[in-house]
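>>> Following is a predicted model, sequence given first.
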Amino acid sequence: MSDNQNNLNEDLAFNNHNNKTNSFIHQPDASSTYFHNSPSQSLPFADKIGNYQRNIGRPTDAYQDSKVYIVGSGIAGLASAYYSIRDGKVPAENITLLEKLDIAGGSLDGKGTAESGYMVRGGREMEFTYENFWDLFQDIPALEMPEPYSTLDEYRIVNDDDPNYSIARLLHNQGEIKDFSYFGLAKADQLAIIRLLLKRKETLDDLTVEDYFSERFLNSNFWTFWRTMFAFENWHSLLELKLYMHRFLQDLDGLHDMSALVFPKYNQYDGFVLPLRNYLIEKGVHFQYDTLVTDLDIDVDVNGTADDTAKKQVRTIIAQTAGKPANISITDKDFVIVTTGSMTEDTRYGDNETSPKLDFNKDTMGQSSGWQLWNNLAKKSTVFGHPEKFNTHVDQSSWMSATLTCKPSALTNKLKTLSVNDPYSGKTATGGIITFTDSNWLMSFTCNRQPHFPDQPKDTLVLWVYSLLMDKDGNHVKKPMPKCTGSEILSELCYHLGISSESDNVIDNTIVKTAYMPYITSMFMPRAKGDRPDIVPKGCTNLGLVGQFVETNNDVVFTVESSIRTARIAVYSLLNVKKQVPDIDPSQYDIRHLLRAANTLNDGKGFIGESILRHLLKNTYYEHVLPTPDLTSNKNNKPSNLLFSQQWEAIKGLWNK
């Protein structure tokens, strides 16, 4: 047989493997199907998690000659490379990450020195049910611990030995701890949350939080906890809020004191990006920096079909390396995975003496290099979504952060009184953000475990500050936050901590690096079905889209978990890997979490029907599913039968409002 005939047979085998009708469901949806055991149901239920999902897929050498090009080296891009190797069986040396910056990590950043000042534009709060995140990092060698410890092992040990919680979640009156033990939700607002959980997702297109909830709800402790922890604004997507409430239902009773959270030992770059990048490099993955991808040349085979279902195949990656053309030809065996958009694109920086340059207008919003590729894809077909829904509202998608590199001062002394442990001890400090409820900017700050950087001196602390409402003048510094220098932001912080008289001492001993991020919550903007593309858009044969601006069935945005989920789905779908990516953790269907959440929303004072359940379950095996008396508030408690009747009367007529 001739070499040409051999090559033809190999190509036919590859195409048959890749293009055959694929009935395997890589992204099951637990919210839309009744799952049951039957002879035809050989796969786990949609949201079945655990070791059974850790299977190695059936062996294949179908992609030994394939190349995978990944645009963007944020966590979604890095995870795409990882899953292409582990489950797709693509040779690592055939994988290339194309990155416009000179460093991997995307929005998971962390850099600087004690002398010049450290910088982290944001941080990542995590919890126990990040199944895809933990699936990946249990295979990545630990940053500091010896073999055989993984990054997950290292993370778990830190948090097992040092539980996270807060003793000062809310402050007011210039440094006074405000009671943060309650949500303060009226019965009607509790009911509104329940109604939102019951609503179908497709009924919430383009609605905002303030379209649905009352002013009373928006002024509650609950909303202060929620919006500052998750960075929601009143004008953000009601649909995304609903998804968050489902996703984190099991954490509701740890919302007020941050006890539901776990944190890495160091910042997000050193904690996650560095070990994962090192692993990929050791395997043979290529990182091509200073490479900007601006467009994809895509063949569209309409063949009598509608545009959205037409076959679409990437033929060329249109790119520049070091400012010079560097196009990449894509063969029939190759694949392209693209990170759409960037939450930290166009960041503007400042320091102690300068404020960030604010030069955005209607003509420039969403037009910079980080949005260019998605914008160009969207012009080709509606299957690629509508980026303008997310990147043209800087006034509603921006906020500002500041990283403080602190030598001992009045600030570090004050911090000791607000922390679980001495901040210099290496253990949990503030346990998460502390919010000033009477701040015009709605300012929050946090001190995570120290050192926050591996090379950080023992006498140095790294704090992080951010504000959600920046268009108002500060309470002390009469300017909007984006117009302030780092030292002015520090003065505002000192004012709210009640140490204004010592602000000169604080400024002299603190280096401030500020970051104004115009698109940091752009993924929260109100949206409708179709505004975000599918992970593998209709008709695409060799193109996957990942990151924060793509559709998943039920997961949320603004988490490392969702980024890795999209990467895993993209790889499994494109490479036809016979493995599932389980839906979000099924806690939302667990009666224990539902009852606990209902009790928590009512500040531990019981829930409708509790007296009936307590009577039915008393002295039975299932009695433990009910909240125990020591976990409920005795404040203003009433007998449960009276509570039931009063609550029932209070909500009559409200259900259909």
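Good, I have the coordinates.

>>> SS state for L171?
What DSSP: H, G, I helix; E, B strand; the rest coil gives for L171 is strand.

>>> That one: what's it in contact with?
Residues in contact with L171, defined by CB atoms under 8 Å, 6 or more residues apart in numbering, are 177-178, 418, 434-437, 496-497. Any C-beta I mention is one placed from the backbone N, CA and C, and that applies to glycine too.

>>> What residues are bridge-paired with it?
I177, F436 (DSSP bridges).

>>> Would you mind measuring from V556 to W235?
The spacing between V556 and W235, counted by CB to CB, to the nearest Å, is 18 Å.

>>> who has more neighbours, the two?
Neighbours per residue (other CB atoms under 10 Å) separate V556 from W235, with V556 holding more: 23 against 16.

>>> Quickly find the element holding that one.
Here V556 is covered by no helix or strand, with elements defined by DSSP states H and E.

>>> Contacts only, for the most centrally placed residue in the chain.
Taking CA atoms, centre = their mean, the centroid of the chain lies closest to T559, which sits 1.2 Å from it. Counting by CB under 8 Å, 6+ apart, T559 makes contact with 124, 130.

>>> one step back: from the contacts of L171, which is closest to S397?
Each of these was scored against S397 by CB to CB, and T435 proved nearest at 20.4 Å.

>>> which ones are touching that closest one?
By CB under 8 Å, 6+ apart, T435 lies in contact with 169-171, 224, 228, 442-444.

>>> would a markdown table of those residues with pLDDT and distance to G385 be doable?
Listed next are the contacts of T435 as a markdown table, based on pLDDT from 0 to 100; distance: CB to CB, whole Å:
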| residue | pLDDT | distance to G385 |
| --- | --- | --- |
| R169 | 98 | 37 |
| L170 | 98 | 38 |
| L171 | 98 | 41 |
| T224 | 98 | 33 |
| T228 | 97 | 29 |
| L442 | 98 | 31 |
| M443 | 98 | 34 |
| S444 | 98 | 32 |
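
>>> Looking at these, which is nearest P533?
Nearest to P533 among the contacts of T435, counting by CB to CB, is T228 at 30.5 Å.

>>> number of nearby residues for that closest one?
By the measure other CB under 10 Å, the count of residues near T228 is 23.

>>> Please identify the helix or strand for it.
Judged by DSSP H and E, T228 forms part of helix 221-230.

>>> Can you give the contact residues for that helix?
By CB under 8 Å, 6+ apart, the surrounding residues in contact with helix 221-230 are 125, 169-170, 180, 182-185, 189, 213, 217, 232-234, 244, 255-256, 258, 432-433, 435, 437, 442, 444, 468, 558, 601.

>>> Show me these that map onto strands.
Among the contacts of helix 221-230, the members falling in strands (DSSP state E) are 170, 435, 444.

>>> So in terms of bridging, what pairs with D299?
Taking DSSP bridges as the rule, D299 bridges to Q313.

>>> Identify the spatial nearest neighbour of D508, chain neighbours not counted.
S409 (7.5 Å; CB to CB, 6 or more residues apart in numbering).

>>> How about the contacts made by the one you found?
Here S409 is in contact with 502, 505-506, 508-510 (CB under 8 Å, 6+ apart).

>>> Mind putting those into a markdown table with neighbour count and secondary structure?
Shown next, in a markdown table, are the contacts of S409 (neighbours: other CB atoms under 10 Å; DSSP: H, G, I helix; E, B strand; the rest coil):
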| residue | neighbour count | secondary structure |
| --- | --- | --- |
| E502 | 16 | helix |
| N505 | 16 | helix |
| V506 | 25 | helix |
| D508 | 10 | helix |
| N509 | 16 | coil |
| T510 | 24 | strand |
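
>>> Out of these, the closest to G105 would be?
For those, the nearest to G105 is T510 (25.6 Å; CB to CB).

>>> pLDDT at that closest one, what is it?
On the pLDDT scale, T510 is placed at 98.

>>> measure it to P457 for me?
T510 is 14 Å from P457, where distance means CB to CB.

>>> do the same with E202
According to CB to CB, E202 and P457 sit 54 Å apart.

>>> what's the answer for L152, then?
Going from L152 to P457 by CB to CB gives 29 Å.

>>> Out of these two, name the residue with the larger neighbour count.
The neighbour comparison of L152 against P457 (other CB under 10 Å) goes to L152, with 17 against 13.

>>> what sits against that one?
For L152, the contact set (CB under 8 Å, 6+ apart) comprises 134, 137-138, 140.

>>> With I591 instead?
Neighbour list for I591: V625 [criterion: CB under 8 Å, 6+ apart].

>>> Retrieve the pLDDT associated with it.
On pLDDT, I591 comes in at 95.

>>> Then F384?
Value for F384, per-residue pLDDT: 98.

>>> From D47, how far out is the nearest residue to it once chain neighbours are set aside?
Closest residue in space to F384, ignoring its immediate chain neighbours: L377 at 4.1 Å, by CB to CB, 6+ apart. Distance of L377 to D47, given as CB to CB: 31 Å.

>>> about what we covered before: most neighbours among the contacts of L152, which one is it?
F137 (26 neighbours).

>>> Ramachandran coordinates for that one?
For F137, the backbone dihedrals are phi -80, psi -10 (criterion: degrees, to the nearest 10).

>>> so which strand or helix has the residue nearest to F384?
For L377, the host element (DSSP H and E) is helix 369-380.

>>> just checking, what packs against that helix?
For helix 369-380, the contact count by 3 or more CB pairs under 8 Å, 6 or more residues apart in numbering; DSSP states H and E identifies strand 291-301, strand 335-339 as packing neighbours.
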